[in-house]
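**Student:** quick one: sequence and predicted model below, then my questions.
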Amino acid sequence: MQTTVDSRQGLVEAMRPVELSLVVPVFNEEESVGPLIDRICLAMTGYPDHWELILIDDGSTDATLTNARKNIGREGLVLRIVELQRNFGQTAAMQAGIDAATGRLIATMDGDLQNDPKDIPSMVAELERRQLDLLVGWRRNRQDGLLLRKIPSWCANYLIGRITGVKLHDYGCSLKIYRASIIKQVKLMGEMHRFIPAWVAGVVPSSRIGEMVVTHHARQHGQSKYGISRTFRVILDLLSVMFFMRYKARPGHFFGSLGLGLGAISALIMLYLFVDKFILGNDIGTRPMLMVGVVFMLSSVQLITTGILAEMIARTYYRDDTSPNYIVRQVFDGSENA
């Protein structure tokens, strides 16, 4: 009789809607993935609602997937592992996890044990209390190197805040809580995971984006996947973010404005040279200004036509863009062993 009662309780528990999905991309974290799952289970022990853990194996070449699969079927843990066909990068892996999530809320964090899962329940409560759509972790006491990690991060956070208008102390912290209905409206591409608050600000007012101080630990196993070269990629990505936030739906305005500006300058130059040649009678054939005017005129035509083509491409993108930026090899959730 007790076995029947327990099975019924387990069935009821499995049928409960998922309130929170934890999405964790991992890549070559064979030493960290086991302790990571242990810490998550410990941190979520007192969480009152139904939750699930989704690990995204981003093409690991070590024993990360094998070690993670050992936890499938663990008591008190609903675990799904999405194995990607190859290494697509953290942004694509995070997108795969968000797509696979079924919870009303979605939490993301790194898989290197630097984020602390104990912050998740309090962040969920804070997001609900403040009625936010996105709550970003702030690693105020960040346990990373000053020269290669902290200083570039400070500079990037300042620039991102100035350009995007979303004022946060720590854009790069992966520990975030989202409302699933909001983040699923945002498609992550390239290496844009660090700009997620900016993308979300294109969907909801920036007043519904907040931050909260979280714990940060030093890396215990393996090596960091980031180096100083990331700084240069951040600058290029920031320029892309600025363009997409302002001109994603109307790229013709960006190129057209530049084209019209150069065309106006070219017209003034040509008008001046016309007066100088046909009214004042001066020779203009060898003057550099004539070459500048011609180059500006051709550049103006080229930019305007580029804007028209960009508008056509943008409309095609919005109509037909449904393909994901990752490929799933297999999903492990325990059913394959049934």
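**Tutor:** Here it is on my side, so go on. Numbering: from 1, shown residues only.

**Student:** and the helices in the stretch 151-300 of the chain?
**Tutor:** Secondary structure of the stretch 151-300 of the chain (DSSP state H, counting those that start in this stretch): helices at 151-164, 180-183, 196-200, 229-247, 251-278, 288-320.

**Student:** most packed of these?
**Tutor:** Most buried of those by mean neighbour count (mean count of other Cβ atoms under 10 Å) is helix 196-200; its value is a mean of 23. C-beta coordinates here come from the backbone N, C-alpha and C atoms, glycine included.

**Student:** which elements pack onto that helix?
**Tutor:** strand 134-138, helix 151-164, helix 180-183, helix 229-247 (3 or more Cβ pairs under 8 Å, 6 or more residues apart in numbering; DSSP states H and E).

**Student:** mind putting these into a markdown table with distance to Ile72 and mean pLDDT?
**Tutor:** As requested, the helices and strands packed on helix 196-200 are exported to a markdown table (distance: least, Cβ to Cβ, whole Å; pLDDT from 0 to 100):
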| stretch | distance to Ile72 | mean pLDDT |
| --- | --- | --- |
| strand 134-138 | 28 | 93 |
| helix 151-164 | 35 | 72 |
| helix 180-183 | 23 | 94 |
| helix 229-247 | 33 | 69 |
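
**Student:** dump those into a markdown table; add distance to Lys277 as well.
**Tutor:** Putting those into a markdown table (distance: least, Cβ to Cβ, whole Å) gives the following:
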| stretch | distance to Lys277 |
| --- | --- |
| strand 134-138 | 61 |
| helix 151-164 | 45 |
| helix 180-183 | 61 |
| helix 229-247 | 39 |
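
**Student:** so which of these gets nearest Glu83?
**Tutor:** Smallest distance to Glu83 across these (Cβ to Cβ): 22.2 Å, for helix 180-183.

**Student:** residues in contact with that closest one?
**Tutor:** Residues lying outside helix 180-183 but in contact with it, judged by Cβ atoms under 8 Å, 6 or more residues apart in numbering, are 21, 98, 101, 103-106, 133-134, 196, 200, 203-204.

**Student:** now with 7 Å, please.
**Tutor:** The contact list for helix 180-183 (Cβ atoms under 7 Å, 6 or more residues apart in numbering) reads 98, 101, 103-106, 133-134, 200, 203-204.

**Student:** over to stretch 240-258?
**Tutor:** With contact meaning Cβ under 7 Å, 6+ apart, stretch 240-258 is reached by 163-164, 195, 198, 202, 303-304, 306-308, 310-311, 314.

**Student:** what about that stretch, start to end distance?
**Tutor:** Taking Cα to Cα, to the nearest Å, stretch 240-258 runs 17 Å from one end to the other.

**Student:** could the helices of the stretch 151-300 of the chain go into a markdown table alongside distance to Ala125?
**Tutor:** Formatted as a markdown table, those follow (distance: least, Cβ to Cβ, whole Å):
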| stretch | distance to Ala125 |
| --- | --- |
| helix 151-164 | 25 |
| helix 180-183 | 17 |
| helix 196-200 | 20 |
| helix 229-247 | 30 |
| helix 251-278 | 41 |
| helix 288-320 | 37 |
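
**Student:** which among the ones you listed is found nearest to His50?
**Tutor:** Each of the helices of the stretch 151-300 of the chain was scored for nearness to His50 using Cβ to Cβ, and the closest is helix 180-183 (13.9 Å).

**Student:** render the CA-only coordinates of that closest one in PDB, please.
**Tutor:** C-alpha atoms of helix 180-183 as PDB (Å, rounded to 0.1, in the frame of the first residue of the first chain):
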ATOM      1  CA  ALA A 180      10.400  32.700 -19.800                       C
ATOM      2  CA  SER A 181       7.700  34.600 -21.800                       C
ATOM      3  CA  ILE A 182      10.200  37.500 -22.200                       C
ATOM      4  CA  ILE A 183      13.500  35.800 -22.900                       C
END
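
**Student:** pull the number of nearby residues for Ala93.
**Tutor:** For Ala93, the tally of surrounding residues (other Cβ atoms under 10 Å) stands at 27.

**Student:** still on that earlier bit, of all the helices and strands packed on helix 196-200, which one is nearest Asp49?
**Tutor:** Set against Asp49 and scored by Cβ to Cβ, the helices and strands packed on helix 196-200 come closest in helix 180-183, at 13.7 Å.

**Student:** how far out from the middle of the chain is that closest one?
**Tutor:** Taking the mean of its C-alpha atoms, helix 180-183 sits 13 Å from the chain's own mean (Cα atoms, centre = their mean, to the nearest Å).

**Student:** do stretch 287-295 as well
**Tutor:** Here stretch 287-295 is found 45 Å from its chain centre; the criterion is Cα atoms, centre = their mean.

**Student:** which other residues reach it?
**Tutor:** Residues contacting stretch 287-295 (Cβ under 7 Å, 6+ apart): 266, 269-270, 273, 284.

**Student:** a markdown table for these, including pLDDT and distance to Ser257?
**Tutor:** Shown next, in a markdown table, are these (pLDDT from 0 to 100; distance: Cβ to Cβ, whole Å):
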| residue | pLDDT | distance to Ser257 |
| --- | --- | --- |
| Ser266 | 95 | 15 |
| Ile269 | 94 | 19 |
| Met270 | 93 | 20 |
| Leu273 | 92 | 25 |
| Ile284 | 84 | 29 |
